[in-house]
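> Here's a sequence, model it:
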Amino acid sequence: MSALAIVLAAGKSTRMKSALPKVLHEVCGRPMVDYVLDAARAAGALRIVAVVGHRADLVQAHLSQYADVDFALQSEQKGTGHAVMMCRAALAAHDGPVLILAGDTPLLKRESLAKLLDAQGEKKAAAVIGTAVTPANQGLGRIVREASGNFVKIVEEKDANAAEKTIQEINTGCYAFDSQKLLAALDQIRPDNAQAEYYLTDCPKVLLQAGHPVVAMQAFEITEALGVNTRVQLAEVTQTIQQETQTRLMINGVTIVVPSQTVIDPRAAIGADTVIEPFTVIRGAVTIGSDCRIGPHAVIQGNANIPNGTTVGPFQVVG
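Residues are numbered from 1 along each chain as shown. Model (predicted):
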């Protein structure tokens, strides 16, 4: 069954110290929200609803290029549950699984999201909560379980007692819900917490109390699920994606002479036996053939197509 994905993209860039909406900050040449959309699509989402708020005009202008994206406006930020409430019309029109994801998590993997959707379908669960284990659990919602291992609730750190704060299994903020059961649960959550917000994390507890199956599933590595909140984290995520991109290319026969001094867009296609010299920057959906030599200090950008056997010398700009 096809899935709907709701991507939360209404937040500010407070800790980024930026006027630009957080989800539009670039990672390897693309706004970070694009990576989240790609992962959702790859996992099986056919439609996406982006919840916009802060500088909604900018976020909507960027995402409007995608035919599979609709929008819901959260004019006041009253929590994650409130953000999903803004998607009532889309939820009501979709009878099936719903992924809920944060727009600032560009390291999300298709495989992890597919695990949530598969578990939701196989177990006929009202909700599947994606979890990860980390000793660095400060500021993260904890997964509370019975002694048998069954899910009890998610507790936010500000509302957690001393014992709950020691729990290392955390909520990643990635969920797969049954759309109609989620709609019913949203009607019952209340802002009676330290933040006076509507927590989406209260919905699984509501569904469990109503007798519906709710599963907490350790489907994620902690690195892929953590959001980008600072420029330091932005740089760390960029480095991770660069390393993954360059490793994939080198495994497929590309020589990157000094990876740490090279920037390559994940969308670039590069043929075997091509050599990329240091200080080269490759930006965009570039195609570079086989047996090429690029750089040093070259820039290949846009939709440039470099034929097989081409040499792009030092300080040349192509595209």
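
> Could you identify the longest helix within the protein?
Ranked by residue count and defined by DSSP state H, the top helix of the chain is helix 231-251.

> Okay, domains of the chain per the record?
Structurally, the chain divides into domains by automatic domain parsing as follows: 3-225, 252-318.

> among these, which is the most enclosed?
Among the domains of the chain, the stretch with the highest mean neighbour count (mean count of other CB atoms under 10 Å) is domain 3-225, at a mean of 19. In this view, the C-beta of every residue, glycine as well, is placed from N, C-alpha and C.

> ok, and the helix or strand in this structure with the lowest average confidence?
One helix or strand of the chain scores below all others by mean pLDDT, DSSP states H and E: helix 222-225, with a mean of 91.

> Which residues does that helix contact?
With CB atoms under 8 Å, 6 or more residues apart in numbering as the test, helix 222-225 has contacts from 105, 107-109, 112, 130, 132-134, 136, 170, 172-174, 240.

> Against which helices or strands is the lengthiest strand in the chain packed?
Longest strand in the chain by number of residues (criterion: DSSP state E): strand 169-178. In terms of contacts (3 or more CB pairs under 8 Å, 6 or more residues apart in numbering; DSSP states H and E), strand 169-178 is packed against strand 97-102, helix 110-122, strand 127-133, strand 142-145, helix 222-225.

> okay, the angle between that strand and helix 110-122?
Strand 169-178 runs at 60 degrees relative to helix 110-122, counting by axes from the mean of the first three to the mean of the last three CA atoms, to 10 degrees.

> how far is strand 169-178 from where the chain is centred?
Between the centre of strand 169-178 and the centre of its chain there are 12 Å (CA atoms, centre = their mean, to the nearest Å).

> What is the subsequent helix or strand relative to it?
As assigned by DSSP states H and E, the chain's next helix or strand after strand 169-178 is helix 179-186.

> what's next to the very next helix or strand once past that following helix, contact-wise?
Counting by DSSP H and E, the next helix or strand C-terminal to helix 179-186 is helix 202-209. Helix 202-209 has contacts (CB under 8 Å, 6+ apart) with 81, 126-127, 129, 151-154, 175, 177, 181-182, 185-186, 188-190, 214, 216.

> centre of the chain versus helix 202-209, how much separation?
Worked out by CA atoms, centre = their mean, helix 202-209 lies 24 Å from the chain centre.

> what angle sits between it and helix 179-186?
In terms of direction (the same axes, to 10 degrees), helix 202-209 departs from helix 179-186 by 100 degrees.

> Can I get helix 202-209 in PDB, CA atoms only?
Only the C-alpha atoms of helix 202-209 are listed here, as PDB (Å, rounded to 0.1, in the frame of the first residue of the first chain):
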ATOM      1  CA  ASP A 202       1.500  11.700  23.100                       C
ATOM      2  CA  CYS A 203      -0.300  10.000  20.200                       C
ATOM      3  CA  PRO A 204       1.200   6.600  20.600                       C
ATOM      4  CA  LYS A 205       0.200   6.500  24.300                       C
ATOM      5  CA  VAL A 206      -3.400   7.600  23.400                       C
ATOM      6  CA  LEU A 207      -3.600   4.800  20.800                       C
ATOM      7  CA  LEU A 208      -2.200   2.200  23.200                       C
ATOM      8  CA  GLN A 209      -4.700   3.200  25.800                       C
END
